[in-house]
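Colleague: output the structure for:
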Amino acid sequence: ERQEVIEQLLSLKQTLVVFQQEIKEKNEYLCLVRQDDFFGGRLVGEHLLSKDVKDLLVLRPNQNWPAIENRIRGLSDVLSNSKIQPKITILDTGSESFADVQTSLKNYLDQNSLPSSIFGSNDQMAYASILLLRDKGYNVPQDVRVMGFNGFEAHRHLLPNLTSIISSAYKMGQIAGESM
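Modeller: Take a look at the predicted model:
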């Protein structure tokens with residue numbers, strides 16, 4: 001459906017800036033601004049391996065989100081090619097909302113043991129995880145490590161601080177503005 005909206009907007013023959021979307025067809029009115037989420041996922045994997053993670057729960061919103069899929073592919077690539085090869089479980093959470101993430105994680109933990117690490121596909125999902133884990137009496141990061149992605153300002157205000165891959169959202173916006 002997002003692709004249909006983009007095609008409708010491009011039919012207006014006005015400059016369109018699109019963030020984090022994979023579009024294969026070139027168009028003179030289209031400016032794509034993307035970060036390398038596959039590489040970002042690899043960074044997540046390398047960090048987790050450095051912490052001797054044995055099993056990993058990946059929280060993924062159940063929607064078409066190419067950036068998150070690329071992060072998970074990069075993460076899986078690093079972990080599957082390591083000597084340790086931690087077990088990876090992907091948990092679809094409905095959406096990235098606090099309620100959906102916490103409900104999905106609570107249901108998972110009610111039926112499974114606590115993983116050694118949780119990766120929220122973005123910081124919001126990681127925050128929701130930390131708050132639920134705390135409510136359930138777990139100590140982060142002693143009992144379970146939680147990592148996010150985007151490194152937006154709010155991650156610095158959560159206690160404990162969230163480990164996150166910092167994306168260059170401001171720079172991406174600057175590039176988009178300059179291209180117009």
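Colleague: now the strands for the chain?
Modeller: Here the chain has its strands, by DSSP state E, at 16-19, 30-33, 55-60, 87-92, 117-120, 145-150, 163-166.
Colleague: out of these, which is the most enclosed?
Modeller: strand 117-120 (a mean of 28; mean count of other Cβ atoms under 10 Å). Every C-beta, even on glycine, is put in place using the N, C-alpha and C of the backbone.
Colleague: what pairs with that strand, and is each one parallel or antiparallel?
Modeller: strand 55-60 (parallel), strand 145-150 (parallel) (DSSP bridges).
Colleague: CA atoms only for that strand - export them in PDB, please.
Modeller: The C-alpha coordinates for strand 117-120 follow below in PDB (Å, rounded to 0.1, in the frame of the first residue of the first chain):
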ATOM      1  CA  SER A 117      19.500 -10.800  25.200                       C
ATOM      2  CA  ILE A 118      16.700  -8.900  23.500                       C
ATOM      3  CA  PHE A 119      17.000  -6.800  20.400                       C
ATOM      4  CA  GLY A 120      14.200  -4.300  19.900                       C
END
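Colleague: list the residues that contact the residue at minimal distance from the centre of the chain.
Modeller: What sits nearest the mean C-alpha location of the chain, by Cα atoms, centre = their mean, is residue 121, with 2.2 Å. Residues near residue 121 by Cβ atoms under 8 Å, 6 or more residues apart in numbering: 58, 59, 60, 61, 65, 68, 71, 72, 96, 149.
Colleague: now with 6 Å?
Modeller: By Cβ atoms under 6 Å, 6 or more residues apart in numbering, the contact list for residue 121 reads 59, 60, 68.
Colleague: just residue 176 next, same as before
Modeller: By Cβ under 6 Å, 6+ apart, the neighbours of residue 176 are 17, 33.
Colleague: let me know the pLDDT of it.
Modeller: Listed pLDDT for residue 176 reads 77.
Colleague: how close does it get to residue 153?
Modeller: Counting by Cβ to Cβ, to the nearest Å, the gap from residue 176 to residue 153 is 20 Å.
Colleague: kindly report the same for residue 76.
Modeller: From residue 76 to residue 153 the distance is 29 Å (Cβ to Cβ).
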